[in-house]
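# fold the stuff below for me.
(chains A and B)
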Number of protein chains: 2
Amino acid sequence: MGIRVKILGSNSAAPAHRRHHTAQLINIEGKYYLMDCGEATQLQLKRYKIRAQRINNIFISHLHGDHYLGLMGLLSTMHLMGRSQKLNLYGPKGLSEIITMQLKYSQTVFNYEINFVEVDTTQSKVVHEDNFVQVTSIPLNHRIPCCGYLFAEKKKNRRIKKEVLPDDFTIRNIVRLKHGEDIFDDDGNLQYKNAALTLPARKSYSYAFCSDTKYDESIIPIIKGVDMLYHEATFLEEHADRAGSTYHSTAKEAATIAKKAEVGKLILGHFSVRYKELEPIRDEAQTVFENSELALEGEEFILDL
Amino acid sequence: MGIRVKILGSNSAAPAHRRHHTAQLINIEGKYYLMDCGEATQLQLKRYKIRAQRINNIFISHLHGDHYLGLMGLLSTMHLMGRSQKLNLYGPKGLSEIITMQLKYSQTVFNYEINFVEVDTTQSKVVHEDNFVQVTSIPLNHRIPCCGYLFAEKKKNRRIKKEVLPDDFTIRNIVRLKHGEDIFDDDGNLQYKNAALTLPARKSYSYAFCSDTKYDESIIPIIKGVDMLYHEATFLEEHADRAGSTYHSTAKEAATIAKKAEVGKLILGHFSVRYKELEPIRDEAQTVFENSELALEGEEFILDL
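Next comes the predicted model:
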């Protein structure tokens, strides 16, 4: 399975040119993680036939409206559609207060628990961990407290060669094989060498989401060598002054970060309303970093064998 | 021109069946009034090529998410797109606080002024008045503080018969004609009878918006004889128990209010997610009140000669 990143929206500031605000569904081994939640994200999930109730972890980068104004509606719909499963919500200071106030005035108590985790956007720390992934915050350099998130798959088990596995093999021994152990009989004699029955574990993939930020090399040690990097590219170099004053990046800057961090692939997004055509953003990035693509809505970027 | 009501959304609770949350654009003599603002209203405005910046007055009925979660995004886009014109915002207690808190955490100060008017949802009072319309609150019977709004056009001027107007007629005298006065010469002699140069004023129309509410006849005196009534019809009679427990109405109840209030036309909306097909809602209402129609997205209901 690996990691699949579905782009639900990637426009900055105001929706335009039929492009929605930032949101991405990250699918890791069939588990859904939502990254940012701009207005109408719940509609985009419906559009792409993604079951919202399967999302158990939501990450918010910062409290500019284009990154979180769809959250309250999505949480409400989860409630109305009968959710009971706990939801983890990761975001900066203020997010919990905003949700709580809106619930107060709508006199609503959700049927499910929200475990709100306030993220310190100034430090790189593990904020979430489960059987599949470890998620680490990435301090970004924006006008307000803001962080990206690094999704790193856990080390995978060795893969069983099913076709050579004896019929009488126990589950306990299969687990041992997956963990790389050899198999011994009851008398302590080597029965099977691990390598005879397994293949190496598949690669563990990593994906870093970095929006919104001005060019800042301090993120490079954190994202070094990730398989895929989403980095905002709000502007073209010709509007570099505007990028600087609004704490955003140009396509060339995003590509420079990708190159210096030696990532596998760069996805460009958070496009300014001023650009109807986006190819120039990709073209500009590719002059610095060849493997650059646009975060177009509906596109799915897959990290897998 | 009269009154034109464009349906931007009319689904209740959660978006479903490609139907959006409640929002209506009310166009009175070319002036735009927005009634409720569910999530993605700004996208619906774009879809129907309606310039958001022309909206100077927004009315919110209550603070359930399906009626206001698009507001913050719309206000933000107005700001980002360079609005400077003051905006009047009418809504219940809490709305101002919710907006203020979100602005605080996004560290944003809008370039335009919002004149927030807190509406007492328990009383019927004039809340807005301009050259074209008077807007009066309608207390509704819902789970949380909620009111509808009655839009009543001001008395119109008499219409000039341009084809018979003498060339040397002064603007001052035209104003007199519009106000129904006869025209006298400098010596005080009757020069023109008003009726010779004018036609009667066109009718002043009225439109009442009532969502969300359980069946409650106390609104009838307020909406008596309006040309058009939007009344929620969340459920069919077969789900009357559900309507009762959630403080909503059935189609038949909406039609009964329309009949007793002797309105010209009834528009039904705020459809439950459970209904994919809406014709049964209209059919049920029409058994009680013939001139009933569905508030389908994109439909425009026009009150004009």
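# what does chain A put close to chain B?
Taking CB under 8 Å from any CB of the partner chain as the test, the list of chain A residues beside chain B reads A:13-15, A:20-21, A:39-40, A:42-43, A:46, A:63-66, A:69-70, A:72-73, A:76-77, A:80-81, A:93-95, A:97-98, A:101-102, A:104-108, A:143-144, A:273. In short, each C-beta sits where N, CA and C put it, glycine included.
# narrow those residues to just the buried residues.
Buried residues within those, defined by neighbour count using 16 or more other CB atoms under 10 Å in any protein chain shown: A:13-15, A:20-21, A:39-40, A:42-43, A:46, A:63-66, A:69-70, A:72-73, A:76-77, A:80, A:94-95, A:98, A:102, A:105-106, A:108, A:143-144, A:273.
# tell me which strands the helix or strand A:Leu266 falls within pairs with, and in which orientation.
Assigned by DSSP states H and E, A:Leu266 belongs to strand A:265-269. Sheet pairing here is set by DSSP bridges, and for strand A:265-269 it gives strand A:228-232 (parallel), strand A:292-294 (parallel).
# give me the distance from the next helix or strand after that strand to the chain's centre.
Toward the C-terminus, strand A:265-269 is succeeded by helix A:279-286 as the next helix or strand (DSSP H and E). In this view, helix A:279-286 has its centroid 23 Å away from the chain centroid, taken as CA atoms, centre = their mean, to the nearest Å.
# which secondary structure elements does helix A:279-286 contact?
Packed against helix A:279-286 by the contact rule (3 or more CB pairs under 8 Å, 6 or more residues apart in numbering or on different chains; DSSP states H and E) you find helix A:251-260, strand A:265-269, strand A:292-294.
# next, the buried residues of it.
Going by neighbour count (16+ other CB under 10 Å), the buried part of helix A:279-286 is A:Ile281, A:Arg282, A:Glu284, A:Ala285, A:Gln286.
# including pLDDT and distance to A:Leu305, could these go into a markdown table?
Written out in a markdown table, the entries for the buried residues of helix A:279-286 read as follows (pLDDT from 0 to 100; distance: CB to CB, whole Å):
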| residue | pLDDT | distance to A:Leu305 |
| --- | --- | --- |
| A:Ile281 | 98 | 30 |
| A:Arg282 | 98 | 26 |
| A:Glu284 | 98 | 31 |
| A:Ala285 | 98 | 26 |
| A:Gln286 | 98 | 25 |
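# wait, which of these is closest to chain B?
Ranking the buried residues of helix A:279-286 by separation from chain B, with CB to the nearest CB as the measure, puts A:Ile281 on top at 19.6 Å.
# wait, A:Ser106 touches B:Cys146, no?
No. At 10.9 Å, A:Ser106 does not count as touching B:Cys146 under the criterion of CB atoms under 8 Å.
# can you get me a residue count around the spatially closest residue to A:Tyr192 that is not a sequence neighbour?
Once its chain neighbours are removed from consideration, A:Tyr192 has its nearest residue in A:Ile183; the separation is 4.3 Å (CB to CB, 6 or more residues apart in numbering or on different chains). Per other CB atoms under 10 Å in any protein chain shown, the neighbour tally for A:Ile183 reads 19.
# please report how far A:Ile183 lies from chain B.
Relative to chain B, A:Ile183 is positioned 53 Å away (CB to the nearest CB, to the nearest Å).
# angle of the strand holding A:Leu266 against helix A:251-260?
Using axes from the mean of the first three to the mean of the last three CA atoms, to 10 degrees, the inter-axis angle of strand A:265-269 relative to helix A:251-260 is 160 degrees.
# would you mark the buried spots in strand A:265-269?
Within strand A:265-269, the residues that qualify as buried by neighbour count (16+ other CB under 10 Å) are A:Lys265, A:Leu266, A:Ile267, A:Leu268, A:Gly269.
# could you dump those residues into JSON lines with distance to B:Gly188 and pLDDT added?
Compiled in JSON lines, the buried residues of strand A:265-269 are given as follows (distance: CB to CB, whole Å; pLDDT from 0 to 100):
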{"residue": "A:Lys265", "distance to B:Gly188": "89", "pLDDT": "98"}
{"residue": "A:Leu266", "distance to B:Gly188": "85", "pLDDT": "98"}
{"residue": "A:Ile267", "distance to B:Gly188": "82", "pLDDT": "98"}
{"residue": "A:Leu268", "distance to B:Gly188": "79", "pLDDT": "98"}
{"residue": "A:Gly269", "distance to B:Gly188": "76", "pLDDT": "98"}
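# what is the nearest of those residues to chain B?
Comparing these against chain B with CB to the nearest CB picks out A:Gly269 as the nearest, at 17.8 Å.
# run through the bridge partners of that closest one.
If you apply DSSP bridges, the partners that A:Gly269 bridges to are A:Glu232.
# who touches it in this structure?
Listed by CB atoms under 8 Å, 6 or more residues apart in numbering or on different chains, the contact set of A:Gly269 reads A:Ile7, A:Ser10, A:Thr22, A:Ser211, A:Tyr230, A:Glu232, A:Ala233, A:Leu294, A:Ala295.
# same check, this time on A:Val263
Residues near A:Val263 by CB under 8 Å, 6+ apart: A:Ala208, A:Ile223, A:Gly225, A:Val226, A:Asp227, A:Met228, A:Leu229.
# mind listing the strands for the stretch 51-200 of chain A?
With DSSP state E, counting those that start in this stretch, the ranges of strands along the stretch 51-200 of chain A come out as A:55-59, A:87-91, A:114-118, A:126-129, A:133-139, A:147-153, A:159-160, A:183-184, A:190-192, A:198-199.
# winner for burial among these?
Of all these, strand A:147-153 carries the top mean neighbour count, a mean of 25, counting by mean count of other CB atoms under 10 Å in any protein chain shown.
# average pLDDT for it, rounded please.
For strand A:147-153, the mean per-residue pLDDT is 98.
# from the contact counts, what lies against that strand?
With contacts taken as 3+ CB pairs under 8 Å, 6+ apart, strand A:147-153 sits against strand A:23-28, strand A:133-139, strand A:206-210.
# how much space between the residue of chain A most remote from its centre and chain B?
What lies farthest from the middle of chain A is A:Asp187; by CA atoms, centre = their mean that is 48.1 Å. According to CB to the nearest CB, A:Asp187 stands 63 Å off from chain B.
# what's the answer for A:His128, then?
Relative to chain B, A:His128 is positioned 22 Å away (CB to the nearest CB).
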